[in-house]
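Participant: sequence below, structure please.
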Amino acid sequence: MSNIDLSKLFNKLSELDSKVAKEAVVEAVSQGGLIVQSQARLLITSDSHALERSVRIKKEIKDQVISSTVYTNSEYGAYYEFGTGPNGQANHAGISPAVIPRYSQRGWMIPADAMSVEKAESYGYRVAMKDGEVIGYYTKGQMARPFMYPALKNHEKDIIKNSKKIISSKIKEICKK
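Facilitator: Below you'll find the predicted structure:
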């Protein structure tokens with residue numbers, strides 16, 4: 001998890017009208033969440049696009065804390081982000097340094113009805129055959145394909161710049177009154 005510190009800017013804004021200050025912060029945090037959500041979706045490459053559609057935002061306002069959480073409710077989102085098996089352990093560059101995944105040390109077989117032979121071969125899986133029939137596909141997992149962490153980390157400066165723009169705009173709006 002990563003937090004962007006805009007406290008100096010928010011402190012200046014809070015010296016002004018508190019209602020307007022809160023509106024500015026809510027807007028800045030909401031737009032920051034939208035930036036992360038859209039970037040996370042762009043980093044996902046999948047045929048079905050289900051994972052992309054599952055990336056959501058939850059905005060919360062509790063006491064003086066305003067947050068925007070970008071998350072996925074997909075069952076396989078974490079596998080995509082962090083990788084799986086020996087391949088994930090060997091190839092997990094770009095994941096959050098705060099997360100230390102534990103990987104299975106063995107490969108496994110995926111059932112034959114999970115996908116077509118063509119799809120399995122496109123993923124680099126070996127086809128398992130018995131008596132001339134496909135019974136499954138051997139895999140040693142998948143490498144990590146981070147999308148959440150880089151979506152935030154690579155766009156922190158954009159989020160800060162956008163937040164400053166929103167807050168400056170609110171300050172100008174107040175000064176005109």
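
Participant: got a list of what V55 touches?
Facilitator: Q37, A40, R41, I44, V70, Y71, T72, F147, M148 (CB atoms under 8 Å, 6 or more residues apart in numbering). (Each C-beta comes from the backbone N, C-alpha and C, glycine too.)

Participant: show the buried residues in the residues you listed.
Facilitator: Q37, A40, R41, I44, V70, T72, F147, M148 (16 or more other CB atoms under 10 Å).

Participant: which of those residues lies closest to M129?
Facilitator: For these, the minimum distance to M129 (CB to CB) is 32.4 Å, reached by I44.

Participant: my guess is the closest one contacts F147, does it?
Facilitator: Yes - look at I44 against F147 with CB atoms under 8 Å: they come within range, at 5.1 Å.

Participant: please identify every residue contacting each of those two.
Facilitator: Counting by CB under 8 Å, 6+ apart, the residues touching both I44 and F147 are V55, Y80.

Participant: for the host helix or strand of K119, packing partners?
Facilitator: Using DSSP states H and E, K119 sits in helix 117-122. Using 3 or more CB pairs under 8 Å, 6 or more residues apart in numbering; DSSP states H and E as the contact test, the elements touching helix 117-122 are strand 126-130.

Participant: and the strand it packs on, which strands flank it?
Facilitator: strand 133-139 (antiparallel) (DSSP bridges).

Participant: could I get the CA-only coordinates of the partner strand as CSV?
Facilitator: In CSV, the C-alpha atoms belonging to strand 133-139 read as follows (Å, rounded to 0.1, in the frame of the first residue of the first chain):
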residue,chain,number,x,y,z
GLU,A,133,-6.7,-37.9,-25.4
VAL,A,134,-5.8,-34.6,-23.9
ILE,A,135,-6.3,-34.9,-20.1
GLY,A,136,-4.8,-31.5,-19.1
TYR,A,137,-2.0,-29.0,-19.4
TYR,A,138,1.2,-28.8,-17.4
THR,A,139,2.3,-25.5,-16.0
